[in-house]
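Chemist: Okay, sequence plus prediction incoming.
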Amino acid sequence: MPGETALPIASQLVDPYGRGIEYLRVSVTDRCDFRCVYCMSEHMTFLPKRELLTLEELDRLCTAFIQRGVKKLRVTGGEPLVRKNIMWLFRSLGRHLESGALEELTLTTNGSQLDKFAGDLKAAGVERINISLDTLDAAKFKAITRWGDLETVLRGIDAAQNAGLNVKINTVALKGVNEDEIEELIRFAHGRGGDMTLIETMPLGDIDGDRTAQYLPLSIVRTRLMDHLTLDECGYRTGGPARYVTVKETGGRLGFITPLTHNFCESCNRVRVTCTGTLYMCLGQDDAADLRAPLRASAEDALLDAAIVEAIARKPKGHDFIIDRRTMKPSVARHMSVTGG
Ligand code: SAM
């Protein structure tokens, strides 16, 4: 809490390939108020509450990673802002920004609750947020998200910008759905002074439809954009997997995340924790470590810390996503809403 002394920093987490782990993504809930067609099936079964880490446990867990050198923390879900009392966690984690142990506290959201929470997020020390937005057409928005409302999200984006938050728009490129709208979305994001990132669909978890039907390689999107826009290579990196260009006509930055057509593992500095305290060392592989048991076994953090160190020693070199065209099965069974986007 404010005024608390700085954390004693233990030795930094480094994986067997020499990559320092500085970035933690934490999913705080598997629940969401949307049902995006590429992410979830309409009738998802969510976890019972007792399985979830409490907000206090999430705080302890994040703090243990920060003590081990994590500098950037992204809160995600599910939809993180539907978790009850989530602002308590943001406020509590904000103390690590004040002490300097944490450099950035950030959030990925669908924007539906930002009207309510943007000011509180800014007050807790959040500076930049990612908002997922796949279309600017209200009917299409409803079709993609099943339960979402475009107007509410646009109001949320306004609220975030009015609160002084830096907004990046994330768009999943979907074949036959929003491919004709990508340029408009870029102009929308850049026109508001924000960056924009395009993402390929990743084969994570069973959904109701056929994944290969949605897959649109960003190499194709990029070639098409170049008919109308000038994309200048730029060295900008956020420590994430996106490769950025500057769009000459808008002056804004455009990132590409291409897990299927380009392997971005070599510089991977991140790990992910689910809302049940399962640590995944790689988004594209199944190996995981249970951190909930050591968290609950003792009020001290020694067991938790040992479990984290042991797990990082198993971080794999990389992944190779594939969509099996014969069985139509995803290469990784868990949904993005479980591991956190
Ligand atoms: N609810 C929040 C949101 O909408 O941003 C955070 C969680 S959501 C799972 C995070 C991001 O993952 C969103 O941008 C979403 O579009 C993306 N996503 C979900 N499933 C995906 C998939 N199979 N492939 C690519 N991106 C996916």
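Modeler: That came in fine, so what should we check first?

Chemist: strands paired with the longest strand seen in the chain, and their directions?
Modeler: Once the chain is assigned using DSSP state E, the strand that runs over the most residues is strand 166-173. Strands that pair with strand 166-173, judged by DSSP bridges, come out as strand 128-132 (parallel), strand 195-200 (parallel).

Chemist: Output the ones you listed in CSV; the columns should cover mean neighbour count.
Modeler: All C-beta spots, glycine's among them, are computed from the backbone N, C-alpha and C. Shown next, in CSV, are these (neighbours: other CB atoms under 10 Å):
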stretch, mean neighbour count
strand 128-132, 22
strand 195-200, 23
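
Chemist: Rebuild those as CSV, extending it with mean pLDDT and distance to Lys116.
Modeler: Below are the strands paired with strand 166-173 laid out as CSV (pLDDT from 0 to 100; distance: least, CB to CB, whole Å):
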stretch, mean pLDDT, distance to Lys116
strand 128-132, 98, 14
strand 195-200, 95, 24
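
Chemist: Quick one: closest of those strands to Ala293.
Modeler: For Ala293, the closest of the strands paired with strand 166-173 is strand 128-132, at 31.0 Å, according to CB to CB.

Chemist: Just the CA coordinates for that closest one, please, in CSV.
Modeler: Presented in CSV, the C-alpha positions along strand 128-132 are these (Å, rounded to 0.1, in the frame of the first residue of the first chain):
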residue,chain,number,x,y,z
ARG,A,128,-2.1,2.1,-21.2
ILE,A,129,-4.8,-0.3,-22.0
ASN,A,130,-5.6,-2.7,-24.8
ILE,A,131,-9.2,-2.7,-26.0
SER,A,132,-10.4,-5.5,-28.3
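
Chemist: now Val82: how far from the ligand?
Modeler: 9 Å (CB to the nearest ligand atom, to the nearest Å).

Chemist: what's the answer for Asn85, then?
Modeler: 18 Å.

Chemist: what do you get for Asn166?
Modeler: 16 Å.

Chemist: Leaving aside the residues adjacent along the chain, what's closest to Pro16?
Modeler: Spatial nearest neighbour of Pro16, excluding adjacent residues (CB to CB, 6 or more residues apart in numbering): Ala313 at 6.3 Å.

Chemist: how many other residues sit next to the one you found?
Modeler: Per other CB atoms under 10 Å, the neighbour tally for Ala313 reads 12.

Chemist: which residue packs closest to Leu279, ignoring adjacent ones?
Modeler: Per CB to CB, 6+ apart, closest to Leu279 is Ala289, 4.5 Å.

Chemist: If anything else comes up later, I'll come back, but that's it for now.
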